[in-house]
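Asks: Here you go, sequence then predicted model.
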Amino acid sequence: MDEKSFSEAVALLSGEHSLAILRTLSTGEWRIASDVSRILHIHTTTASKFLGGMHALGFLDRRLRRSHTRSAFEYRIAAPRIALALDLTEGPAPLRQALDFYLDYVSHVLARGRRLGWPAIAEKLEARLDKDRNESKDGIFERIVHGGDARGMEELRSLFHGIHGEFLQITSASVGTETARRLLAGAADEARKGREQVVDRYGLRKVLEA
Amino acid sequence: MDERLATGIDGFDRLVQGGFPARTVNLVAGPPGSGKSLFGLHFCYNGARQFGEPAMYLVLEETKASLQRVMRTFGMGYEDLERSERYLMIDLGELRVGGPEGSAIGFREIQDFLASSLKTAHVRRLVIDSLSAIGLHYASPGEFRERLFGFSRFLRDQEVTTLLIAESPDAHALTAHGVEQFIADSFVHLGLEEVKGELRRTLTVRKMRFTKHDTTKHPMYITPAGLAVAADEKVV
């Protein structure tokens, strides 16, 4: 659940009649707002607003009941247990920061590769990025667009875990695994500077250590 | 042990039967400004350019840009050699973790690097500039000596001839830890002496195993073409 839905659910559930309304639905039977209103002696509009809101948040099922005179929505509880889970990794801001960290990491790897003084390594690292640049770019943008999805962060980590693995392979072939790890670790340290909190909180650097 | 690697430095090679014995570990020490790095650059560059022997220069102390400037000053362009991996100037500062001011590089890190890279690039000549910078990695002189001993054994097992560059702290101490010259197969000391208000560079081969070498202190000059040792002159 994202922050917006979480806030709405908390506001709705903290209303005066909220728990009483939910109890009328606890048997699992379909009920319309006027049923709830009659049982609890509350205004129909109050019951209707709560039921509509809970449905919008996914806690209630809803269907249209038609009669000769009028139609009305009826509701039943979707599951007997209601749980609110707020995933703080969701939302575009952490994802953007994560993306910035990883792009900085790549940039520092390329810079260190060039400064090291072994042209073939630098060329191979750059060629790796050039190879499927469009594919990677599309993937990154897709993840930003779907930043509300909790999987966005995981997919970003996975993407750069793969790129890091190839960097390690390229560099190790010339200078050995231990040296390659040091070179890449130095780049990750540089990229982490100034954004330590988000990097540590979301485990962004861990995928660059394998 | 007959094979020798000439430095190409004017006047030097004939002092040592043509060059450094192959697959040995050699020490070049002297005070700041005595020409140590330039000596190492000649050894690598001339090796790659004149003798076709792939060379690697490891930078630990000075900046790589500064050494590249020195090379340009003395007409040692090496871009073509670098592209073909016959001359690599490696800035080991890039291996520091935690940024440029991060942890110093020690013998273990250098050995890890060399274990792969010497074979990959088929290196025959190696310069490590400098031992003094590596010394910063160790808390005590005893630990430095112990690690240096192990490192020199590693180097002797490689198909490479090595020059270790080291700083002489003052006129009385030839090397910083007093042990480097005993571990190395040869010891070339570069001096910078003040004579009548003028600085004069000198070169002395203090030790070279497997070699009937000259032991005289010779004047050494920096010319537009680089170092030149006055092999027929002696400093009195």
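Replies: That came in fine, so what should we check first? None of these values were measured; they are calculated from a predicted model. Numbering: from 1, shown residues only, chains lettered A, B, ... in the order given.
Asks: Run a quick neighbour tally on residue B:6.
Replies: The tally of other residues near residue B:6 (other C-beta atoms under 10 Å in any protein chain shown) stands at 18. Placement of C-beta: from N, CA and C, glycine included.
Asks: separation between residue A:175 and chain B?
Replies: In this view, residue A:175 and chain B are 5 Å apart by C-beta to the nearest C-beta, to the nearest Å.
Asks: Verify the contact between that residue and residue A:120 for me.
Replies: No. Using C-beta atoms under 8 Å, residue A:175 makes no contact with residue A:120, being 10.7 Å away.
Asks: Tell me which of the two has more neighbours.
Replies: Neighbour count, other C-beta under 10 Å: between residue A:175 and residue A:120, residue A:175 has more, with 24 against 18.
Asks: In contact with that one, which residues are there?
Replies: Contacts of residue A:175 were listed using C-beta atoms under 8 Å, 6 or more residues apart in numbering or on different chains, and they are A:118, A:121, A:183, B:113, B:116-117, B:120.
Asks: May I see these arranged in JSON lines, with pLDDT and secondary structure as well?
Replies: Output for these, formatted as JSON lines (pLDDT from 0 to 100; DSSP: H, G, I helix; E, B strand; the rest coil):
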{"residue": "A:118", "pLDDT": "95", "secondary structure": "coil"}
{"residue": "A:121", "pLDDT": "95", "secondary structure": "helix"}
{"residue": "A:183", "pLDDT": "94", "secondary structure": "helix"}
{"residue": "B:113", "pLDDT": "96", "secondary structure": "helix"}
{"residue": "B:116", "pLDDT": "95", "secondary structure": "helix"}
{"residue": "B:117", "pLDDT": "97", "secondary structure": "helix"}
{"residue": "B:120", "pLDDT": "95", "secondary structure": "helix"}
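Asks: Looking at those, which two lie furthest apart in space?
Replies: Taking C-beta to C-beta as the measure, the contacts of residue A:175 span a maximum distance of 14.7 Å, between A:183 and B:120.
Asks: Of those two, give the one with the bigger neighbour count.
Replies: Legend: neighbour count by other C-beta under 10 Å for residue A:183 and residue B:120, higher for residue A:183 (25 against 16).
Asks: how near is that one to residue B:106?
Replies: Using C-beta to C-beta, to the nearest Å, residue A:183 is found at 16 Å from residue B:106.
Asks: Residue B:206 now?
Replies: Taking C-beta to C-beta as the measure, residue B:206 falls 27 Å from residue B:106.
Asks: for residue B:38, same thing?
Replies: Going from residue B:38 to residue B:106 by C-beta to C-beta gives 26 Å.
Asks: At which residues are the helices of the chain located?
Replies: Looking at chain A here, since you left the chain open. A:3-13, A:18-24, A:33-40, A:44-56, A:92-116, A:119-131, A:133-145, A:151-175, A:177-192, A:196-201 (DSSP state H).
Asks: Wait, chain B was what I had in mind.
Replies: Going by DSSP H, chain B shows helices at B:36-49, B:64-73, B:79-83, B:107-120, B:131-135, B:141-156, B:180-183.
Asks: Of all the ones you listed, which one is nearest chain A?
Replies: Closest of these to chain A is helix B:107-120, at 3.2 Å (criterion: C-beta to the nearest C-beta).
Asks: helices and strands around the closest one, which ones?
Replies: Applying 3 or more C-beta pairs under 8 Å, 6 or more residues apart in numbering or on different chains; DSSP states H and E, one finds that helix B:107-120 makes contact with helix A:151-175, helix A:177-192, strand B:55-59, strand B:125-129, helix B:141-156.
Asks: In TSV, list the ones you listed along with distance to residue A:71.
Replies: Converted to TSV, these look like this (distance: least, C-beta to C-beta, whole Å):
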stretch	distance to residue A:71
helix A:151-175	38
helix A:177-192	58
strand B:55-59	82
strand B:125-129	87
helix B:141-156	86
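Asks: Can you name the residues of chain A sitting close to chain B?
Replies: Residues of chain A lying near chain B by C-beta under 8 Å from any C-beta of the partner chain: A:112, A:115-120, A:172-176, A:178-179, A:182-183, A:185-186, A:189-190, A:193.
Asks: Now flag whichever of the contacts of residue A:175 is closest to residue B:194.
Replies: Checking the contacts of residue A:175 against residue B:194 by C-beta to C-beta gives residue B:113 as the nearest, at 39.2 Å.
Asks: Could I get the pLDDT score of the residue of chain B most remote from its centre?
Replies: The centre of chain B is farthest from one residue, residue B:196, which by C-alpha atoms, centre = their mean lies 29.8 Å away. The model reports residue B:196 with a pLDDT of 86.
Asks: Tell me how many other residues crowd the closest residue to residue A:78 other than its chain neighbours.
Replies: Among residues not flanking residue A:78 along the chain, residue A:61 sits closest, at 5.1 Å (C-beta to C-beta, 6 or more residues apart in numbering or on different chains). By other C-beta under 10 Å, the residues close to residue A:61 number 15.
Asks: thought residue A:61 was touching residue A:73?
Replies: No. When contacts are counted by C-beta under 8 Å, residue A:61 is not listed as touching residue A:73 (10.3 Å).
Asks: got any residues that touch both of these two?
Replies: Common neighbours of residue A:61 and residue A:73 (criterion: C-beta under 8 Å, 6+ apart): residue A:55.
Asks: where does chain B come near chain A, residue by residue?
Replies: B:59, B:64, B:82-83, B:85, B:88-91, B:94-99, B:102, B:109, B:112-113, B:115-117, B:120-121.
Asks: need the contact list for residue B:89.
Replies: Counting by C-beta under 8 Å, 6+ apart, residue B:89 touches A:117, B:44, B:56-57, B:59, B:64, B:67-68, B:78, B:82.
Asks: between the helices and strands packed on helix B:107-120, which gets the lowest average pLDDT?
Replies: For those, mean pLDDT drops lowest on helix A:151-175, to a mean of 89.
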